[in-house]
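Asker: Have a look at this prediction, sequence included:
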Amino acid sequence: MILLLTGQPHSGKTTFLKRLIQELKKQNFRIDGFLSEVVEQDNEKIGYDLLDLESEKLIPFIRRSGQKNWEKIGPYFFIPQGLAWAERIILRSKDAEILVVDEIGPLELEGKGLWPALKKIIFQRHQKFIFVVRRSIVNNLLEIIGKNKIKIIHIKQRDIFHRMIEEIKKP
C-alpha cells in the first residue's frame, strides 16, 4: 500500500510526519526513509537536508546554488552525494515495514532524481510506503505508479493523524 501525503508547499507535511513517525515507532513499527528539513541562512531558505530516519543524521541534499553538472529542478540543485545517500536509504529499506520518502517531486516525474531507486522497490516490495507529494503533481504520479493500493491523504483532512495510523495498521 502507498499512502500519498499531499498538500501545498509549507503546509506542515514534514512536521506532521515527524509526529506520526514518533508514534509509529512507539508502536514498534520498523520505519526507514528520510524527511526533508529546511535549511536557512540569515532567515532565508537556502535548501533542504535529508534527515535519515535510521541514523537520525542530517545530510546536505538540495541547495539554491550548485554546479552546472548537478541535477536541477526550478531554483534548486541536488547535491550528488545527498542524492546518492537518499537512493541508498530507499534501497536499504527492505527490512522496514514502512518506507517514508519526503518528497517525490517534478524531477521524479521526469524519471530522474529518486525515481530510479523508487522504481526498483515500489513495484516489487510488499511493504507500506508513505510518500510526500505536492498536490499539483499527484495526478501525474498516479499515471506513473497506477491507482491500485494508493490512498491519497491531504494534510488538511480532519483527524489525519488517526486516519494515517489506521491505514498503516491495515493488513
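Answerer: Perfect, thanks for sending it.

Asker: now the residue sitting furthest away from the middle of the chain: how far from Phe61?
Answerer: Distance from the centre of the chain peaks at Asp42, with 26.4 Å (Cα atoms, centre = their mean). Going from Asp42 to Phe61 by Cβ to Cβ, to the nearest Å gives 20 Å. For every residue, glycine as well, the C-beta is placed using N, CA and C.

Asker: do the same with Asp52
Answerer: The spacing between Asp52 and Phe61, counted by Cβ to Cβ, is 10 Å.

Asker: do the same with Leu109
Answerer: In terms of Cβ to Cβ, Leu109 sits 18 Å off from Phe61.

Asker: And Lys149, by the same measure?
Answerer: From Lys149 over to Phe61 (counting by Cβ to Cβ), the distance is 28 Å.

Asker: Those two: which is more packed in?
Answerer: The neighbour comparison of Lys149 against Phe61 (other Cβ atoms under 10 Å) goes to Phe61, with 22 against 13.

Asker: Quick one: residues contacting the more buried one.
Answerer: Counting by Cβ atoms under 8 Å, 6 or more residues apart in numbering, Phe61 touches 36, 47-50, 78-79, 82-83, 85-86.

Asker: Contact partners for the spatially closest residue to it that is not a sequence neighbour?
Answerer: The shortest distance from Phe61 to any residue other than its chain neighbours is 3.7 Å, reached at Gly82 (Cβ to Cβ, 6 or more residues apart in numbering). Residues in contact with Gly82 (Cβ under 8 Å, 6+ apart) are 49-50, 59-62.
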